[in-house]
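Undergrad: next come a sequence and a model predicted from it.
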Amino acid sequence: MVKISPSLLASDFANLQKEIESISAADYLHVDVMDGLFVPNISIGIPVVQSIRRCTKLPLDVHLMITHPQDYIEAFAKAGADIIVFHAESDCDIDECIAKIKACGKKPGLVINPATPIDPVLPRLKDLYLVLVMTVEPGFGGQKCKEECFEKVRALRERITQEGLKTHIEVDGGITGQNAPLAIEAGADILVAGSSVFNAADRNAAISELKGC
């Protein structure tokens, strides 16, 4: 069954503990970290991740939308991240970042933006816990899903299957009950969902609905 990683970006930051408690049916908690440079927005940082870690047992799926991820991997690992994903488009040595995440005892993920082909990911699939395919431009929640990105998901799933790997494929951006079946059919097995979960009257029911797509 597909797993759901609700995006904390869509929650009420004034009531984070209650917001997290309201999504107990989730499999992961997606935490967007933005630096105002790599993307035109600033979100949360290391102290908030530390606080989140204290109030949930959900695995923290920390998405670094930052220019120099290698400088912060160890700090986010110590703060409580379980999965650390960073962008292929960032200013870093991809292989060094993957190695650094693993050295911290965490699971590495590599992200590609809508305009980025899957080429940077392919030679590294065996070293990754997951590949995150962005289906919106990173930096802001509430955008409409670019469904054409699901073709990249399909191509990645074919390669992962060919190589006999267990690498997960996560999609992030505008995921709803309407387009989730398309993402799953293409090969995604982790869905990041922000507005479609946190705007729901019954959030656990919304998670269950996505899992059943």
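TA: Looks like it arrived, so ask away.
Undergrad: longest helix of this protein, counting residues only.
TA: The longest helix of the chain (DSSP state H) is helix 150-162.
Undergrad: remind me what that helix packs against, helices and strands.
TA: Applying 3 or more Cβ pairs under 8 Å, 6 or more residues apart in numbering; DSSP states H and E, one finds that helix 150-162 makes contact with strand 130-134, strand 168-172, helix 180-186. C-betas here are computed from N, CA, C, even on glycine.
Undergrad: among these, which comes closest to residue 89?
TA: Residue 89 sits nearest to strand 130-134 of all the helices and strands packed on helix 150-162, at 9.9 Å, using Cβ to Cβ.
Undergrad: just the helices and strands packed on helix 150-162: most buried one?
TA: Mean neighbour count (mean count of other Cβ atoms under 10 Å) peaks for strand 130-134 among these, with a mean of 27.
Undergrad: what angle do that strand and strand 168-172 make?
TA: 20 degrees (axes from the mean of the first three to the mean of the last three Cα atoms, to 10 degrees).
Undergrad: strand 130-134 - contacts with which helices or strands?
TA: Judged by 3+ Cβ pairs under 8 Å, 6+ apart, the packing partners of strand 130-134 are strand 83-87, strand 107-112, helix 150-162, strand 168-172.
Undergrad: for residue 74, what are phi and psi?
TA: Main-chain torsions, residue 74, degrees, to the nearest 10: phi -60, psi -40.
Undergrad: for it, which non-adjacent residue is closest in space?
TA: In space, and not counting its chain neighbours, residue 74 is closest to residue 104: 5.9 Å by Cβ to Cβ, 6 or more residues apart in numbering.
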